[in-house]
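Asks: Output the structure for:
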Amino acid sequence: MASNKLIIYQIFTRLYGNRNQTCKPNGTIEENGCGKMNDFTPTVLKRISQMGVSHIWYTGVIRHATTTDYSVYGIPRQHPAVVKGRAGSPYAITDYYDVDPDLAVDVKKRMEEFKQLVERTHKAGMKVIIDFVPNHVARQYKSVCKPPRVKDLGRGDNTQNGFDPQNNFYYCPGQRFAPHFDLYHGETEPYIEEPAKATGNDCFNNAPGQNDWYETVKLNYGVDYYAGRVGHFDPVPSTWKKMLEILLYWANKGIDGFRCDMAEMVPAEFWAYATAKVKAKFPELVFIGEVYNPAEYRHYLASGFDYLYDKVGMYDTMFQIIRHNQSTQAITNAWQQTDDIRDHMLYFLENHDELRIGSDFFAADGRKAVPALVVNALMQQNPFMLYAGQEYGEHGMDCEGFSGRDGRTTIFDYWSVDTLCRAAKKELTPEEQQLADIYRKVLNIAQKEKAVTEGLSYDLMYVNRQYHRQYMFLRKAGNSLLMVVANFDDAAAEVDVRIPAHAFEFLKLREKSYKATDLLSDEKTTLSLEADKTVHIEVPARYAVVYKLHG
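Replies: Below is the predicted model of the structure:
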């Protein structure tokens, strides 16, 4: 699909194709089932592509800690005391060079099945993104699939030093791992780690708590946290070289991008080193960074990232506006904070870390976010991401096991997603199907309309300050002109949109009457555009109009 507008569909691979609806809390893989890479048939991928998706982010591909025993295949068994949930977190990697066996029909051929998944996705006209988890690994990390010349992480570390620039881990010399929870977890022998390694969320002692990332250990990129975050980057740290090898390994598998977990917990100097070397061989490959500190955005972009999460700006703003806790005027402020890097900011309304829109903790109805979808997908040229099930209004209110009933879809448990199951069986409610149709329309507009993919954007809110539950803007490229009005209110709105003279100058608009088609409803009307005059527009509740203006 030719477009410079990325539409990323995040799929939690383990859950997506699982049609076993036993859904026993804390259930095993035998009880609750597990989705497979082979579930992504050409038919399934075609349907995803037709939704307007350009990239699929297959979450949880690389082998991670799990309580499921695959030792018969030569895969080391993990102690359950240091695994979260039955299935385990996809961010507690146990082998950077391996594919998660849960996802394979034939475990022995799991890498081959992954390569076939990449090929099928490409044939469907989409690109492939996978996770790169650089900050931490599982406590029992051990690669059994690394190439022969590669030295495993931690091999050769001087464990007598808490920090050494050439160590891969941080240590607590002379101290055994002694967290504030049971180290047996049903086993006859406890989990033992001595000396203890520092925990992934920068917990540099031997006793992490249950709210820490206790199942992970922090990787050492040459930053001495014990001495106040002093960097030792010359000579190049061992971890830098080993992680570069891993990036190149997966790039050689034909993937198109990495979503880099907790990128800001890894020094920007490493990213500058690694992205330059990867892009020298794979110039089209993209790096997406999970960075939450706006003060660091430009630093990480300068270090080679193509896109960064816009979480504390746009996402947090939209969250409050959808819940009617903030004025739509705040959207303007949110995009202005990153206006100089606007094309690099990734907008989203859901991902595996955030609440489902349809959950009781967010909006209790996925349809309430339709105006936010329209704004986020159409306002700029930057990427937009959605999470599988979002398009059906998935509630995320299951009590799956480790994660509990938290308004999110579990990443720790074997489970199936209700709306994805019913969508596959064509058993969606009329309301769910209607929402899916809206997503398809909006995302295809984002992909195909020249005014969105390459056009200028003009925010109209500064001359329409009386509106606090509506948001309006123009997009224009050549002769392609869109007027978008989104209504976040629970009631239908009649809006008189003022268009300032500056908009006509900036966009090179002509003052005249235009034939207009609403791309969401296909309804046609006539709109008269005059400098400093208003245009009367009616918008349904929690909805939007996307007028395409002609001649």
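Asks: so after the lengthiest helix in the chain, what's the next helix or strand?
Replies: Longest helix in the chain by number of residues, with DSSP state H as the criterion: helix 430-448. Using DSSP states H and E, the next helix or strand after helix 430-448 towards the C-terminus is helix 450-453.
Asks: Name every strand pairing with whatever helix or strand comes next after that following helix and say which way it goes.
Replies: Under the assignment DSSP H and E, the closest C-terminal helix or strand after helix 450-453 is strand 456-459. According to DSSP bridges, strand 456-459 forms sheet pairs with strand 470-477 (antiparallel).
Asks: picking up where we left off before, buried sites along the longest helix of the chain?
Replies: Of the residues in helix 430-448, those buried by neighbour count under the rule 16 or more other CB atoms under 10 Å are 432, 435-436, 438-447. For glycine as for every other residue, the C-beta is placed from the backbone atoms N, C-alpha and C.
Asks: For Lys242, which non-adjacent residue is closest in space?
Replies: Nearest residue to Lys242 in three dimensions, chain neighbours excluded: Leu153, at 6.3 Å (CB to CB, 6 or more residues apart in numbering).
Asks: Distance of Gln337 relative to His185?
Replies: Counting by CB to CB, to the nearest Å, the separation of Gln337 from His185 is 45 Å.
Asks: neighbour-wise, which of these two wins?
Replies: Between Gln337 and His185, counted using other CB atoms under 10 Å, Gln337 has the larger neighbour count: 18 against 14.
Asks: how near is the nearest residue to the more buried one once chain neighbours are set aside to Asn333?
Replies: What sits nearest to Gln337 in space, not counting adjacent residues and going by CB to CB, 6+ apart, is Gly313, at 5.4 Å. From Gly313 over to Asn333 the distance is 9 Å, taken as CB to CB.
Asks: Contact partners for Glu215?
Replies: 65, 82-84, 88-89, 92, 138-139 (CB atoms under 8 Å, 6 or more residues apart in numbering).
Asks: Any stretches of the protein with poor pLDDT?
Replies: Flagging of the chain using pLDDT under 70 yields the residue ranges 1-3.
Asks: Double-check that Leu527 belongs to a helix.
Replies: No - checked against DSSP: H, G, I helix; E, B strand; the rest coil, Leu527 lies outside a helix; its state is strand.
Asks: that older thread, what helices or strands is the longest helix of the chain leaning on?
Replies: Here helix 430-448 is seen to pack against strand 7-12, helix 370-378, strand 384-387, helix 418-424, helix 450-453 when contacts are counted using 3 or more CB pairs under 8 Å, 6 or more residues apart in numbering; DSSP states H and E.
Asks: Tell me which of those lies nearest to Cys23.
Replies: Checking the helices and strands packed on helix 430-448 against Cys23 by CB to CB gives helix 418-424 as the closest, at 8.5 Å.
Asks: tell me which residues of that closest one are tucked away?
Replies: If you call a residue buried by 16+ other CB under 10 Å, then helix 418-424 has these buried ones: 418-421, 423.
Asks: same question, stretch 228-240
Replies: Neighbour-count burial for stretch 228-240 flags 232, 237-240 (criterion: 16+ other CB under 10 Å).
Asks: so can I have JSON lines of those showing distance to Phe506 and secondary structure?
Replies: As requested, the buried residues of stretch 228-240 are arranged in JSON lines below (distance: CB to CB, whole Å; DSSP: H, G, I helix; E, B strand; the rest coil):
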{"residue": "His232", "distance to Phe506": "50", "secondary structure": "coil"}
{"residue": "Pro237", "distance to Phe506": "49", "secondary structure": "coil"}
{"residue": "Ser238", "distance to Phe506": "53", "secondary structure": "helix"}
{"residue": "Thr239", "distance to Phe506": "48", "secondary structure": "helix"}
{"residue": "Trp240", "distance to Phe506": "45", "secondary structure": "helix"}
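Asks: looking at the contacts of Glu215, which has the most residues close by?
Replies: Per-residue neighbour counts (other CB under 10 Å) across those peak at Gly88, which has 30 neighbours.
Asks: Report the separation between the nearest residue to Glu432 once chain neighbours are set aside and Asp418.
Replies: Nearest residue to Glu432, sequence neighbours excluded (CB to CB, 6+ apart): Tyr392, at 4.7 Å. As for Tyr392, its distance to Asp418 is 9 Å (criterion: CB to CB).
Asks: again with Pro179
Replies: Remark: distance between Pro179 and Asp418 (CB to CB) = 34 Å.
Asks: Geometric centre of the chain: which residue is closest?
Replies: Closest to where the C-alpha atoms of the chain average out (CA atoms, centre = their mean) is Asn351, at 5.2 Å.
Asks: the more surrounded of Gly313 and Asn333?
Replies: Just comparing Gly313 and Asn333: by other CB under 10 Å the higher neighbour count belongs to Gly313, 20 against 12.
Asks: re the thing from before, looking at the buried residues of helix 418-424, which one is closest to Arg323?
Replies: Comparing the buried residues of helix 418-424 against Arg323 with CB to CB picks out Thr419 as the nearest, at 21.6 Å.
Asks: That closest one touches Glu427, doesn't it?
Replies: No - in terms of CB atoms under 8 Å, Thr419 does not count as a neighbour of Glu427; the distance is 9.8 Å.
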